[in-house]
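J.: how would this look folded up:
(one chain, ligands or ions: 1)
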Amino acid sequence: MSRGFSIKTRKKELEKCSTIDFDLIVIGGGITGAGIALDAVTRGFKTLLLEKSDFASGTSSKSTKLIHGGLRYLKQFEIGLVRESGRERAIVHNLAPHLVHPEKMLLPIVKHGSFSQFTASLAVSVYDYLAGVSRVERKEIFNKEEALKLELLLDKDTLKAAIRYSEYRTDDARLSFELIRKARELGCHVFNYCKLDQLSYKEGIVNGVEAIDMTDGARFKFKSKYVVSAAGPWVDGIRNNDHSLKGKQLRLTKGVHIVFRHEDLPLKQAIYFDDFKGRMLFAIPRWGVSYVGTTDTDYAGNLDRVVCGENDLQYLIEATNNMFDGIELKASDVISSWAGLRPLISEPGKKASEVSRKDEIFESDSGLISIAGGKLTGYRKMAKRVLDLLRDKDRRLPQSNCITDTVKLSSVPFKDYREVNNMKQQIQSEFPELVQGPVMASYMVDNYGIHAGTILESARHLLTKHKDPDQALMQAELHSALEDEACYRPEDFFIRRTGMLYFAPERLLKHFDFILDEYARFFSWDSVSIEKFKSEALQLLKDSLVT
Ligand code: FAD
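T.: Below you'll find the model as predicted:
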């Protein structure tokens with residue numbers, strides 16, 4: 001069943017939007033903008049969201065992909081932040097159980113490490129307490145022998161003990177996309193590849209925007225009582241155009257992750273480890289690979305192309321080799337990588353990793369509202385703060401309260417996590433020719449939720465057309481992405497709808513030409529477009545170090 005969310009058929013909707021008087025225009029389709037759009041539409045605001053590139057193409061597809069309180073922020077006494085994000089974890093898991101998975105994290109206590117068993121245990125207890133973690137989910141302490149049974153790769157010579165505690169793992173881009181799709185389902189107008197070009201003003205007050213449809217260059221004017229900029233690393237650029245860039249500004253820091261085949265870094269479970277210089281890193285197994293990150297360094301380069309540099313690569317490999325027993329990874333073992341920018345609020349004199357992760361709202365004299373900082377995990381609370389602010393300052397706007405803690409993020413949601421796991425079992429027995437093994441089952445259900453079933457049905461109908469059953473599945477996934485998930489560039493599919501570039505690059509390479517051919521057919525690309533999109537996609541593979 002088509003749910004009809006396609007770039008190809010959106011022109012009329014764009015034209016219609018230029019005749020509507022909106023209550024709110026949201027700039028930016030990352031997690032922050034997506035959360036704001038959903039909160040707004042559920043309160044009855046007439047809302048439009050514009051994203052210049054693809055949804056979640058900024059920082060919101062480049063995170064560590066954890067829904068977490070951030071244990072390390074306790075060191076900086078960020079009690080409020082840890083409490084709020086810690087408590088949000090269970091709420092977001094409940095709203096999208098196929099997207100937000102419980103994940104046990106192991107914190108090894110090692111000789112000469114930054115934590116002693118006492119400080120680590122105390123920190124995790126405070127963390128559990130602040131997050132309101134239930135008694136059964138609370139931390140467990142293991143001695144050296146027990147810890148080695150949990151994770152064989154830990155270094156026998158330096159390991160003293162380990163603490164296991166509860167976190168959640170997600171797919172940041174899919175989470176952002178599901179928020180956007182839900183907002184759309186509830187009446188919000190949302191467009192990717194539609195860029196804010198200029199703010200419009202009446203008597204010095206923002207009253208709308210001029211935007212460009214990036215697929216064909218057409219210009220549109222949209223009117224609105226308020227404009228909120230949730231443009232992540234681009235927030236200060238928009239404040240600058242509004243002549244309101246004064247006071248606090250952004251500090252952008254780069255964070256890189258690298259990916260290994262599971263056989264090269266065969267982690268049994270997620271580890272939060274020490275780089276022996278006081279920085280903490282994550283190593284996380286997922287869908288048959290393991291990824292490690294992150295770095296945290298100041299950044300002043302091109303916001304639209306952020307890549308893993310040689311120093312980032314060497315640092316992450318060295319820290320991983322130092323930590324794990326018998327692991328001697330080389331640059332050529334890296335199968336993929338991603339790099340993103342944290343839009344932090346500057347605090348002069350602090351090191352990059354010490355700057356607070358708290359969000360902040362800026363109101364300019366022109367009425368432009370900007371929000372930056374924060375975390376993926378806190379998206380709902382950030383949105384609530386923005387919407388409460390608008391509601392309280394203007395009686396013409398709907399005066400309702402936030403209800404997003406009850407809005408499930410899928411049109412056909414799972415009741416609970418047990419249903420998610422049952423579906424993973426079920427599709428392996430129902431579609432054995434297409435879903436071979438638990439990794440593929442997780443890929444399908446984690447990405448597509450209950451719609452995985454519909455995609456697999458379509459793939460089954462396509463089986464006769466393909467020698468390789470996996471190509472039939474790829475075709476079904478791709479058509480769902482083009483018709484129902486607003487994909488425009490091949491990278492939207494490779495990275496943000498499927499995560500394939502990061503987590504299954506070999507599958508992507510196998511079907512690369514086929515995917516481009518299908519895109520060309522769907523959009524009726526001419527030969528110039530084919531070359532353009534193909535070279536963009538190849539550049540992306542190069543940037544991601546796919547070997
Ligand atoms: P973005 O995702 O960057 O979205 C802004 C959007 O605005 C972009 O898509 C951009 O294209 C669009 N835009 C810009 N200009 C315009 C314009 N003129 N017109 C229209 N659109 C425009 N948080 C966690 O909770 N858990 C984690 O594990 C975690 N790990 C992280 C690891 C790293 C390496 C980094 C960098 C961050 C991490 N974070 C994590 C933080 C989290 O990822 C960010 O706080 C969050 O993604 C920021 O989202 P955003 O929507 O504000 O910005």
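J.: who in the stretch 51-200 of the chain is up against the ligand?
T.: 51-53, 57-60, 62-66, 68, 195-196 (Cβ under 6 Å from any ligand atom). For every residue, glycine as well, the C-beta is placed using N, CA and C.
J.: for the closest residue to Pro469 other than its chain neighbours, give me its contacts.
T.: With sequence-adjacent residues excluded and distances taken as Cβ to Cβ, 6 or more residues apart in numbering, Pro469 is closest to Glu433, at 5.0 Å. Listed by Cβ atoms under 8 Å, 6 or more residues apart in numbering, the contact set of Glu433 reads 460, 463, 469.
J.: could I get those residues as a markdown table with secondary structure, neighbour count and pLDDT?
T.: Converted to a markdown table, the contacts of Glu433 look like this (DSSP: H, G, I helix; E, B strand; the rest coil; neighbours: other Cβ atoms under 10 Å; pLDDT from 0 to 100):
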| residue | secondary structure | neighbour count | pLDDT |
| --- | --- | --- | --- |
| Arg460 | helix | 17 | 98 |
| Leu463 | helix | 16 | 97 |
| Pro469 | helix | 18 | 97 |
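J.: and which of those is nearest Gly33?
T.: Arg460 (36.9 Å; Cβ to Cβ).
J.: surely that closest one and Ile427 touch.
T.: No: using Cβ atoms under 8 Å, Arg460 is not in contact with Ile427, being 11.3 Å away.
J.: you'd agree Ala331 is up against Leu313?
T.: Yes: judged on Cβ under 8 Å, Ala331 makes contact with Leu313 at a distance of 5.8 Å.
J.: and the gap between Asp304 and the ligand?
T.: Note on Asp304: its distance to the ligand, by Cβ to the nearest ligand atom, to the nearest Å, is 8 Å.
J.: and that residue, which of the three is it?
T.: coil (DSSP: H, G, I helix; E, B strand; the rest coil).
J.: quick one, what contacts it?
T.: Counting by Cβ under 8 Å, 6+ apart, Asp304 has contacts Ser53.
J.: how's this structure carved up into domains?
T.: Listed domain ranges for the chain are 7-59+173-249+356-393, 102-168+251-352, 417-543 (source: automatic domain parsing).
J.: so which of these is the most packed in?
T.: Of all these, domain 7-59+173-249+356-393 carries the top mean neighbour count, a mean of 21, counting by mean count of other Cβ atoms under 10 Å.
J.: how about Gly247, nearest residue that isn't a chain neighbour?
T.: Phe362 (7.5 Å).
J.: and that neighbour, what does it touch?
T.: 239, 244, 247-248, 369-372.
J.: would you convert those into JSON lines that also reports secondary structure, pLDDT and distance to Ser229?
T.: What follows is the contacts of Phe362, written out as JSON lines (DSSP: H, G, I helix; E, B strand; the rest coil; pLDDT from 0 to 100; distance: Cβ to Cβ, whole Å):
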{"residue": "Arg239", "secondary structure": "helix", "pLDDT": "97", "distance to Ser229": "7"}
{"residue": "Ser244", "secondary structure": "coil", "pLDDT": "94", "distance to Ser229": "10"}
{"residue": "Gly247", "secondary structure": "coil", "pLDDT": "87", "distance to Ser229": "15"}
{"residue": "Lys248", "secondary structure": "coil", "pLDDT": "90", "distance to Ser229": "15"}
{"residue": "Ile369", "secondary structure": "strand", "pLDDT": "98", "distance to Ser229": "7"}
{"residue": "Ser370", "secondary structure": "strand", "pLDDT": "97", "distance to Ser229": "4"}
{"residue": "Ile371", "secondary structure": "strand", "pLDDT": "97", "distance to Ser229": "7"}
{"residue": "Ala372", "secondary structure": "strand", "pLDDT": "94", "distance to Ser229": "9"}
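J.: I'm done for today, thanks for sticking with me.
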